[in-house]
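Participant: below: sequence and its predicted model.
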Amino acid sequence: MRVFLAYLLLVSVFLWGCTPSQQIDDVASFSPQNKGEYLLFHFMSPFEDEGYILEVDSKGEVKHKLTIKDDHFAPSDVFYNLNNYYFTSGAYSNDFKVMEYNPETRKISLIDTNQNKYIEKYYKDEQSEYIITTLDKNDNNEICDIKKNKCMSIGDGYSAHTLTTLDNFVIVLGAKDGNSSIVKKYNRDFEFLEEIKMENTPAYFTYTSEDQKLYLFMKNGDIVDIDSNLKINTYPINLTSISNNIKEVKYQKNVMLDPKRILVDLEIKADSKTNMIAEISFDNTGPSFEIISKGTDEDILNVDYTSGEVFTRSSDGKNAVIYVRDTEKLELLHRLVLTNKDAIYFVDNIKQ
């Protein structure tokens, strides 16, 4: 009898210590269990056959794990448009769909893009939905209006990497022969109107503001805005507090905090390399720059606009760490310390 009771106790302890887990083969069947405060998305890597979504508390302790064996749950940038989040995984998913996450319903769905090329970027406005395809072997790609089921290759050595709309015009930023950057303007039917050539090289990530301007972040540190008439304004950014010998400014991902502010992570190359995240504010006089954190090597993930939180990821040397800040004052709210180094790509607050 004592042996049996001891066995029951051992089994109970084992079960109590285990993290509840599930597995799905179709990402569209995802439904949270609401056992934690945050959802953390870890997409499957090219060398894995599964990814997962964790539900964790405000310290990072896992309350539930959902394993996902669906190739659509692949590494991706996240794009926020009209209250939903969109994920494009290039060739990683081996499919031509866009994954959509609705933060209100917490449901995942797949968008058919009506074409058969892998997708680099996705953009949506009130009138239509657009994609940029990945480069082919000749370094060419296409822009598509997936509502009109219409695609166009610009050709002539031009590869597009940003598409947005300003005042009902389609604006495309790309590079010709991998060198000079050119901004092209089209109408909604992809009829060419005009173009301008940039003097300096912009970063991969751009920002479209609600007041209909496209912001580019240049490798020399300048910030440039372009309106629908392709008028350019250039704003030098004073970074002498970092170094007087700056060789290159590498602006990386940015997210909108509110219509007048974005958060960006960047790397400054001078006599040494400095990583930081900074707040950039916009007003009638142009952008202003404020360092929020320096030397932490944080990567920006996304913003939860309902809870008013912005998420970044880093590492403490052993484990992945997710930083949670409020979007108003950018004060640190939580530090989620995980139990491995797996990359987290997206976070959602489910206990708002």
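Facilitator: Good, I have the coordinates.
Participant: so what touches stretch 343-352?
Facilitator: 32, 34, 36-43, 55, 75-76, 78, 85, 87, 101, 103, 106, 301-302, 304, 306-307, 309, 311, 313, 320, 322, 324, 338 (CB atoms under 8 Å, 6 or more residues apart in numbering). C-betas here are computed from N, CA, C, even on glycine.
Participant: can you tell me which of these are buried?
Facilitator: Buried members of these, counted by 16 or more other CB atoms under 10 Å: 36-43, 55, 75-76, 78, 85, 87, 101, 103, 301-302, 304, 307, 309, 311, 313, 320, 322, 324, 338.
Participant: which members of those residues are positioned in strands?
Facilitator: Cross-referencing these against strands under DSSP state E gives 38-42, 55, 78, 85, 87, 101, 301-302, 304, 309, 311, 313, 320, 322, 324.
Participant: list the beta-bridge partners for residue 311.
Facilitator: residue 302, residue 324 (DSSP bridges).
Participant: from residue 87, how far off is the spatially most central residue of the chain?
Facilitator: Note on the chain: the residue nearest the mean C-alpha position is residue 78, at 3.5 Å, using CA atoms, centre = their mean. Note on residue 78: its distance to residue 87, by CB to CB, to the nearest Å, is 6 Å.
Participant: now swap in residue 330 and tell me
Facilitator: 25 Å.
Participant: so residue 341 touches residue 315, yeah?
Facilitator: Yes: Residue 341 lies in contact with residue 315 (CB atoms under 8 Å); the separation is 6.3 Å.
Participant: and these two? which has more neighbours close in?
Facilitator: residue 315 (16 against 12; other CB atoms under 10 Å).
Participant: pLDDT score for the more buried one?
Facilitator: Here, the pLDDT recorded for residue 315 equals 93.
Participant: for it, give me its contacts.
Facilitator: Counting by CB under 8 Å, 6+ apart, residue 315 has contacts 297, 321, 341.
Participant: that one bridge partners, please.
Facilitator: Going by DSSP bridges, residue 315 forms beta bridges with residue 320.
Participant: and stretch 96-115, end to end?
Facilitator: 7 Å (CA to CA, to the nearest Å).
Participant: cool, and stretch 29-43?
Facilitator: Note: stretch 29-43 ends 16 Å apart using CA to CA.
Participant: contacts for that stretch?
Facilitator: 20, 24, 51-58, 62-64, 66, 68, 73-76, 89, 106-108, 322, 324, 336, 338, 342-351.
Participant: quick check: mean pLDDT of it?
Facilitator: 97.
Participant: also stretch 321-338?
Facilitator: 97.
Participant: again, but for stretch 284-304
Facilitator: Here the average pLDDT along stretch 284-304 is 93.
Participant: show me how far stretch 256-274 is from its chain's centre.
Facilitator: Its chain's C-alpha centre and that of stretch 256-274 lie 14 Å apart, by CA atoms, centre = their mean, to the nearest Å.
Participant: my bad, should have said stretch 227-246
Facilitator: Between the centre of stretch 227-246 and the centre of its chain there are 23 Å (CA atoms, centre = their mean).
Participant: next, the buried residues of it.
Facilitator: Going by 16+ other CB under 10 Å, stretch 227-246 has these buried residues: 227, 230, 235, 237, 239, 242, 246.
Participant: state whether the fifth one and residue 247 are indeed in contact, as I suppose.
Facilitator: The reference is to residue 239. No: Residue 239 lies out of contact with residue 247 (CB under 8 Å); the separation is 11.4 Å.
Participant: which of the helices or strands spans residue 73?
Facilitator: Under DSSP states H and E, no helix or strand contains residue 73.
Participant: what about it, neighbour count?
Facilitator: By other CB under 10 Å, the residues close to residue 73 number 27.
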